[in-house]
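# Pasted the sequence and its predicted model underneath.
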Amino acid sequence: MDVPPSIDRSDHVTVRRLLRLALAVSLISLVFFYPGAISSPYSDTGLTGYYSNQIVERGDSVESIDHAEVTDETSVYRYDELSPVAKEVFDETRSAEGDPFTITICHDWAVVCDEYYASDVPGEFEYGAVGHNVDENELYTIIEDDGEAYLLQTGALGHGDGWDLSGLPLMVLSSLMVLLVSGVLFHNTIRPPNPDGDGFVSHDTVFGSLIGLFALAVPYLHMGDVLTVHQSRVLIVGVVAVGVPVYYLRDR
């Protein structure tokens, strides 16, 4: 697009400074105020088995189910009484053939979700961890379907912490790399490089914009099996660690 003659070089410098300032503030906001930047789209309760589902007993009728935690207060549902999402969870659990089926929960900030939001978790079943938020007998539900009865155990019977902190150093480092890019933009706002180009955009604003957009895309790249969160963080660290020195050697 042709720039009107009335807009001279000083106007370009002003616009570039404003763009740099706005982009730098945006990158800082991503790191400190937006939980979805460079993050997994899936929530982790820190409690192993919190959303687990497993069929632990089956019989010809409700009366044939003989389990220590089954009482007169144990919920009993016919399959056709279940909500659609409860049917889906039960079907996934039944098809797992004795292995647990775990519901994966998306964070509420995720724009799209290929698993379940917390609000989608079936209300017919109780989830949690014994010793944390539920009693053991609350985690059992009987479901009748096609002449058979199934005892479904949900949640975790033990209160076991499952936080995985192995990725914390890389998460912090990738966030620092984004902040480094914002620092470059602030530096160039105060002391523009020379030469700084003739257009409204410059190398640093293009680079910063790409880093910001990629940081926002990380959860969805992970969701789509394009790049894992770990791979995305490594990529950000590598690109910024190489890109910033190269930029200063060439353009400063």
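Thanks, I have the structure now.
# Please make it C-alpha for all contacts and neighbour counts, starting now.
OK.
# Would you mind giving the domain segments of this protein?
Per automatic domain parsing, the domain ranges recorded for the chain read 9-41+164-251, 52-154.
# what ranges do the strands span in the stretch 101-250 of the chain?
Secondary structure of the stretch 101-250 of the chain by DSSP state E, counting those that start in this stretch: the strands cover 101-102, 105-106, 116-117, 140-145, 148-154.
# Send over the last one as PDB, restricted to the C-alpha atoms.
In this case it means strand 148-154. The C-alpha coordinates for strand 148-154 follow below in PDB (Å, rounded to 0.1, in the frame of the first residue of the first chain):
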ATOM      1  CA  GLU A 148     -26.300 -57.100  33.200                       C
ATOM      2  CA  ALA A 149     -25.200 -54.900  36.100                       C
ATOM      3  CA  TYR A 150     -21.900 -53.100  36.300                       C
ATOM      4  CA  LEU A 151     -20.200 -51.600  39.400                       C
ATOM      5  CA  LEU A 152     -18.400 -48.500  38.200                       C
ATOM      6  CA  GLN A 153     -15.700 -47.000  40.400                       C
ATOM      7  CA  THR A 154     -14.800 -43.400  39.700                       C
END
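# Could you check it and say which residues are buried?
149, 150, 151, 152, 153, 154 (16 or more other C-alpha atoms under 10 Å).
# ok, now the fourth one?
By 16+ other C-alpha under 10 Å, the buried positions in strand 140-145 come out as 140, 141, 142, 143, 144.
# Just checking: what are the partner strands of it?
According to DSSP bridges, strand 140-145 has the following sheet partners: strand 75-78 (parallel), strand 148-154 (antiparallel).
# Show me the shaky parts of the stretch 151-252 of the chain.
Scanning the stretch 151-252 of the chain for pLDDT under 70 picks out 159-163, 194-200, 252.
# ranges for the helices of it?
168-190, 203-223, 229-251 (DSSP state H, counting those that start in this stretch).
# about what we covered before: can you add distance to residue 63 and give the buried residues of strand 148-154 back as a markdown table?
Shown next, in a markdown table, are these (distance: C-alpha to C-alpha, whole Å):
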| residue | distance to residue 63 |
| --- | --- |
| 149 | 9 |
| 150 | 11 |
| 151 | 11 |
| 152 | 15 |
| 153 | 17 |
| 154 | 20 |
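# out of the residues you listed, which one sits closest to residue 121?
residue 154 (11.7 Å; C-alpha to C-alpha).
# which residues does that closest one bridge with?
Beta-bridge partners recorded for residue 154 (DSSP bridges): residue 53.
# That one: what's it in contact with?
50, 51, 52, 53, 54, 125, 126, 127, 128, 139, 140 (C-alpha atoms under 8 Å, 6 or more residues apart in numbering).
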